[in-house]
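Engineer: A structural model of the following input is requested.
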Amino acid sequence: HKPAPSVRYSKPMPDIEALMQIWPQPFEELLETARLPDAELAVELPELVRLMCAVLDIPVYSSLTESLHVLFSLYSDFK
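Structural biologist: Numbering: from 1, shown residues only. Reported below is the predicted structural model:
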């Protein structure tokens, strides 16, 4: 497992370790029954990205690129 390259974001972004923390139990229970946004949701891709980032506490600023980088970095660490 090689170390992630250093990235400078234009706005503050959460640390990946902070995003990997366990969610509160009530939220975990909600996730077991709630339907999360997916490709079946009738929204454009940018809006779907914003929704998924909101669920994961990843801020979205004017550009989705940096938020997507954090999202994929988080995914990569879980994988």
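Engineer: Report the distance from the longest helix along the chain to the chain centre.
Structural biologist: Longest helix in the chain, counting residues (DSSP state H): helix 64-78. The chain centre lies 6 Å from the centre of helix 64-78; the measure is C-alpha atoms, centre = their mean, to the nearest Å.
Engineer: list the buried ones in it?
Structural biologist: Of the residues in helix 64-78, 66-67, 70-71, 73-74 count as buried by neighbour count, 16 or more other C-beta atoms under 10 Å. Where C-beta positions appear, they are placed from N, C-alpha and C, glycine not excepted.
Engineer: Show me what that helix is packed against.
Structural biologist: helix 16-19, helix 45-55 (3 or more C-beta pairs under 8 Å, 6 or more residues apart in numbering; DSSP states H and E).
Engineer: Nearest approach to residue 27 belongs to which of these?
Structural biologist: helix 45-55 (9.9 Å; C-beta to C-beta).
Engineer: Tell me where the model's unsure across this structure.
Structural biologist: Applying pLDDT under 70 to the chain flags the ranges 1-5, 79.
Engineer: for the helices and strands packed on helix 64-78, which one sits closest to residue 31?
Structural biologist: helix 45-55 (8.9 Å).
Engineer: Please name the residues that touch residue 51.
Structural biologist: By C-beta atoms under 8 Å, 6 or more residues apart in numbering, residue 51 lies in contact with 37, 41, 43.
Engineer: Contacts made by stretch 70-79 with the rest, please.
Structural biologist: Contacts of stretch 70-79 (C-beta under 8 Å, 6+ apart): 4, 13-14, 16, 19-20, 49, 52-53, 56, 58.
Engineer: Reformat those as a markdown table; add distance to residue 28 and neighbour count.
Structural biologist: Formatted as a markdown table, these follow (distance: C-beta to C-beta, whole Å; neighbours: other C-beta atoms under 10 Å):
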| residue | distance to residue 28 | neighbour count |
| --- | --- | --- |
| 4 | 27 | 10 |
| 13 | 24 | 17 |
| 14 | 19 | 13 |
| 16 | 20 | 14 |
| 19 | 15 | 17 |
| 20 | 14 | 10 |
| 49 | 23 | 18 |
| 52 | 18 | 17 |
| 53 | 19 | 17 |
| 56 | 14 | 15 |
| 58 | 18 | 21 |
